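S.K.: please find the sequence and the predicted model below.
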Amino acid sequence: MATLRTLAFDNSFARLPDALFSRVSPEGFAHPHLVSFNPQAAALLDLDPAEAATPEFAACFGGQKILPGSEALAMKYTGHQFGGYNPDLGDGRGLLLGEVLNTKGERWDLHLKGAGKTPYSRFGDGRAVLRSCIREYLGSEAMHHLGIASTRALCIVGSDEAVQRETRERGAMLLRVADSHIRFGHFQWLYHSGQPELLKTLADYVIARHFPETSGGADKYLRFFREVVQRTALMLAQWQLVGFAHGVMNTDNFSITGHTFDYGPYGFLDAYEPGFVCNHSDHSGRYAWNQQASIGLWNLNALAHALSGLIDHEALVATLQGYEAVFVGVYADGLRAKLGLQEERPEDRGLAIDFLELLMKGGLDYTRSFRALATVRSDDRLPALRDDFLDRESFDAWLQRYQQRLLLENSQDAERAIRMNAANPKYILRNYLAQTAIDKAEKGDYREIETLRRLLEKPFDEQPEMESYAALPPDWGRHLEISCSS
């Protein structure tokens with residue numbers, strides 16, 4: 001196992017041309033302390049978890065000390081924010097410390113969020129607050145254990161430093177672990193600033209590091225872009241299936257490798273509201289839950305524009321046209337799994353959409369309703385789930401169709417329930433659960449963070465002792481406003 005002093009750094013991005021970044025030293029906290037530590041993320045780095053108990057750990061990830069072998073830098077990129085292109089972006093409060101190679105040959109970026117001002121901070125202070133660090137720490141772990149590609153987080157380090165947002169809050173840093181921190185916005189910056197050679201250099205680097213199967217041949221850039229389109233479509237379909245809303249789907253928040261990236265004002269559906277907007281700064285609803293699929297394509301179109309000097313226009317268009325088929329296929333398969341159906345039949349889409357319509361009209365909980373559907377027997381006329389619906393006549397009509405559909409494939413109730421419970425999580429990171437952990441942490445009690453982290457490691461398991469965490473949100477937790485400020 002590695003110690004902090006023996007982590008195997010090999011910083012390939014830092015060897016690229018200096019125009020892609022600025023070298024910056026972290027601005028450390030005066031009195032850093034460990035808030036939470038994730039041993040699963042440590043295992044990715046071959047890092048001995050005992051290191052978390054040392055004073056050096058908080059010092060390194062609180063910006064006080066430099067990890068041997070690291071080369072801290074702030075990346076330069078741009079992007080579209082809420083539909084408008086912003087040329088003045090970059091890592092304004094985070095630093096890429098370097099890349100760690102583990103014994104499996106995997107390469108992991110270490111990124112310290114909240115590490116102070118950089119040349120791209122504009123008018124910001126370069127800091128992060130405890131609230132946002134907790135949300136990203138828990139959110140990224142929740143998504144990973146739901147089977148959705150995501151960044152991870154090694155730890156949160158707190159401080160006694162005050163940070164001004166809407167109110168004065170406690171400053172903190174988060175150490176993010178990711179396969180890459182390269183965004184759509186990296187390519188947009190190089191395209192819009194007229195640097196085609198450097199754009200080609202970056203594309204070659206990304207292909208060699210992240211898409212080696214597409215390297216070689218005159219069409220390598222096209223094959224690379226096709227893979228990005230497919231990964232993005234997969235990610236967006238998986239978001240929809242678990243009821244996840246990102247909140248800030250700007251192109252600078254989209255990972256080139258198709259990982260869920262930059263957790264800001266995200267949220268999971270409670271009651272099924274297709275127009276759910278989790279970011280109270282999104283006044284137009286641009287990033288509403290039911291708009292995410294189209295925004296994913298919009299962002300890919302912006303990336304295609306940036307790659308137009310490397311890939312033929314017609315080929316770019318044809319590749320973008322393949323996005324819908326991937327998204328629809330993954331989403332349809334996922335809905336079928338959520339309903340416990342194994343065979344593909346033409347009526348399945350209508351069956352699923354009509355169930356969602358019933359949830360919407362009744363204001364029913366998305367996650368709990370799909371989970372409860374697993375308990376419905378194929379011959380049950382009065383299942384417990386029926387009591388949740390005000391319009392029971394419509395539910396009864398739908399139930400009859402569903403049970404007939406189950407009979408068509410000779411579905412076995414017990415076996416189907418197992419499959420459905422593996423597709424429908426019991427536990428998600430509801431906003432009120434995260435807020436409860438934040439409220440306690442801001443008073444110095446970090447135990448709820450660890451409780452949630454462990455709970456979310458097994459979102460599909462029953463965990464009887466944690467039953468209360470699967471409950472409907474209390475009244476105060478139903479419509480929490482989450483902002484971009486962090």
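M.R.: Alright, I've got the coordinates.

S.K.: from here on, just use CA atoms for contacts and neighbour counts.
M.R.: Fine.

S.K.: all strands of the stretch 1-150 of the chain, in order?
M.R.: Counting by DSSP state E, counting those that start in this stretch, the segments of the stretch 1-150 of the chain that form strands are 21-23, 33-37, 73-75, 79-81, 84-86, 94-101, 107-113, 128-129.

S.K.: in its sheet, what does the second one sit against?
M.R.: For strand 33-37, the paired strands and their directions (DSSP bridges) are strand 152-164 (antiparallel).

S.K.: pull out the buried residues from the partner strand.
M.R.: Applying a neighbour-count criterion of 16 or more other CA atoms under 10 Å, the buried positions in strand 152-164 are R152, A153, L154, C155, I156, V157, G158, S159, E161, V163.

S.K.: ok, and the closest non-adjacent residue to the fourth one?
M.R.: If I follow you right, that is C155. Of all residues not flanking C155 in the chain, F37 sits nearest, at 4.4 Å (CA to CA, 6 or more residues apart in numbering).

S.K.: roughly how far does the one you found sit from L44?
M.R.: Here the criterion is CA to CA, to the nearest Å. By it, F37 lies 13 Å from L44.

S.K.: picking that back up, right, and the strands of the stretch 1-150 of the chain - which one's nearest P212?
M.R.: Distances from P212 to each of the strands of the stretch 1-150 of the chain were compared using CA to CA; the shortest belongs to strand 107-113, at 13.7 Å.

S.K.: quick one: that closest one to chain centroid distance?
M.R.: Centroid displacement of strand 107-113 relative to its chain, using CA atoms, centre = their mean, to the nearest Å, is 15 Å.

S.K.: ok, now stretch 50-60?
M.R.: Averaged over its C-alpha atoms, stretch 50-60 has a centre that lies 27 Å from its chain's centre (CA atoms, centre = their mean).

S.K.: now the end-to-end length of it.
M.R.: Across stretch 50-60, the terminal residues are separated by 15 Å (CA to CA).

S.K.: can you list the neighbours in contact with that stretch?
M.R.: Surrounding stretch 50-60, the residues in contact under the criterion CA atoms under 8 Å, 6 or more residues apart in numbering are T3, L4, G28, P32, H33, L34, F37, K65, I66, L67, V157.

S.K.: pLDDT weak spots in the stretch 201-350 of the chain?
M.R.: Applying pLDDT under 70 to the stretch 201-350 of the chain picks out no residues at all.

S.K.: helices of that one, residue ranges please.
M.R.: Counting by DSSP state H, counting those that start in this stretch, the stretch 201-350 of the chain has helices at residues 220-242, 292-306, 313-321, 323-338, 348-362.

S.K.: just put the strands of the stretch 1-150 of the chain in a markdown table and tack on mean pLDDT.
M.R.: A markdown table is the format used below for the strands of the stretch 1-150 of the chain (pLDDT from 0 to 100):
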| stretch | mean pLDDT |
| --- | --- |
| strand 21-23 | 98 |
| strand 33-37 | 98 |
| strand 73-75 | 98 |
| strand 79-81 | 98 |
| strand 84-86 | 97 |
| strand 94-101 | 98 |
| strand 107-113 | 98 |
| strand 128-129 | 97 |
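
S.K.: make TSV out of those and add mean neighbour count and distance to G362.
M.R.: As requested, these are arranged in TSV below (neighbours: other CA atoms under 10 Å; distance: least, CA to CA, whole Å):
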stretch	mean neighbour count	distance to G362
strand 21-23	19	51
strand 33-37	21	39
strand 73-75	25	47
strand 79-81	21	35
strand 84-86	14	37
strand 94-101	25	43
strand 107-113	25	41
strand 128-129	25	37
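
S.K.: between those, which one is nearest to E343?
M.R.: strand 107-113 (39.1 Å).

S.K.: contacts made by that closest one with the rest, please.
M.R.: 44-45, 61, 93-101, 127-128, 173-181.

S.K.: and what of stretch 412-426?
M.R.: Under the criterion CA under 8 Å, 6+ apart, residues 146, 242, 334, 337-341, 367-368, 370-371, 374-378, 459-462, 470 lie in contact with stretch 412-426.

S.K.: hey, C-alpha coordinates of it in CSV?
M.R.: Coordinates of the C-alpha atoms in stretch 412-426 are reproduced here as CSV (Å, rounded to 0.1, in the frame of the first residue of the first chain):
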residue,chain,number,x,y,z
GLN,A,412,-42.4,-15.7,-12.0
ASP,A,413,-43.2,-13.3,-9.2
ALA,A,414,-40.3,-14.2,-6.9
GLU,A,415,-37.6,-14.2,-9.5
ARG,A,416,-39.0,-11.0,-11.1
ALA,A,417,-39.0,-9.2,-7.7
ILE,A,418,-35.3,-10.0,-7.4
ARG,A,419,-34.5,-8.5,-10.8
MET,A,420,-36.7,-5.5,-10.2
ASN,A,421,-35.0,-4.7,-6.9
ALA,A,422,-31.7,-4.9,-8.7
ALA,A,423,-32.9,-2.2,-11.1
ASN,A,424,-34.9,0.0,-8.8
PRO,A,425,-32.9,1.5,-5.9
LYS,A,426,-34.4,1.6,-2.4
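
S.K.: please identify the buried residues of that stretch?
M.R.: D413, R416, A417, R419, M420, N421, A422, A423, N424, P425, K426.

S.K.: so for it, mean pLDDT?
M.R.: Average pLDDT, stretch 412-426: 98.

S.K.: re the thing from before, between the helices of the stretch 201-350 of the chain, which one is nearest to R447?
M.R.: When the helices of the stretch 201-350 of the chain are compared for distance to R447 using CA to CA, the nearest one is helix 220-242, at 26.4 Å.

S.K.: tell me which of the buried residues of stretch 412-426 fall in helices.
M.R.: Among the buried residues of stretch 412-426, the residues falling in helices (DSSP state H) are D413, R416, A417, R419, M420, N421, A422, A423.

S.K.: how far does stretch 309-317 stretch from start to finish?
M.R.: With CA to CA as the measure, the first residue of stretch 309-317 is 14 Å from its last.

S.K.: pLDDT value on A384, please?
M.R.: pLDDT at A384 comes out at 95.

S.K.: contacting residues around it?
M.R.: The contact partners of A384, taken as CA under 8 Å, 6+ apart, are V376.

S.K.: and the gap between it and A471?
M.R.: 16 Å.

S.K.: got it, and Q291?
M.R.: Summarising the geometry, the distance separating Q291 from A471, computed by CA to CA, is 27 Å.

S.K.: more neighbours: the two, which one.
M.R.: Counting neighbours by other CA atoms under 10 Å for Q291 and for A471 shows that Q291 has the greater number, 16 against 12.

S.K.: number of residues surrounding the closest residue to E481 other than its chain neighbours?
M.R.: What sits nearest to E481 in space, not counting adjacent residues and going by CA to CA, 6+ apart, is H280, at 5.7 Å. As a burial measure, H280 scores 15 neighbours (other CA under 10 Å).

S.K.: verify the stated contact: H280 with H479.
M.R.: No. In this structure H280 lies outside contact range of H479 using CA atoms under 8 Å: 10.4 Å.

S.K.: tell me which of the buried residues of stretch 412-426 is nearest to D439?
M.R.: The closest of those, once distances to D439 are taken by CA to CA, is K426, at 23.8 Å.

S.K.: now do the phi/psi pair for the closest one.
M.R.: With angles defined as degrees, to the nearest 10, K426 sits at phi -90, psi -30.

S.K.: quick check: it vs M143, distance?
M.R.: For K426, the distance to M143 equals 14 Å [CA to CA].
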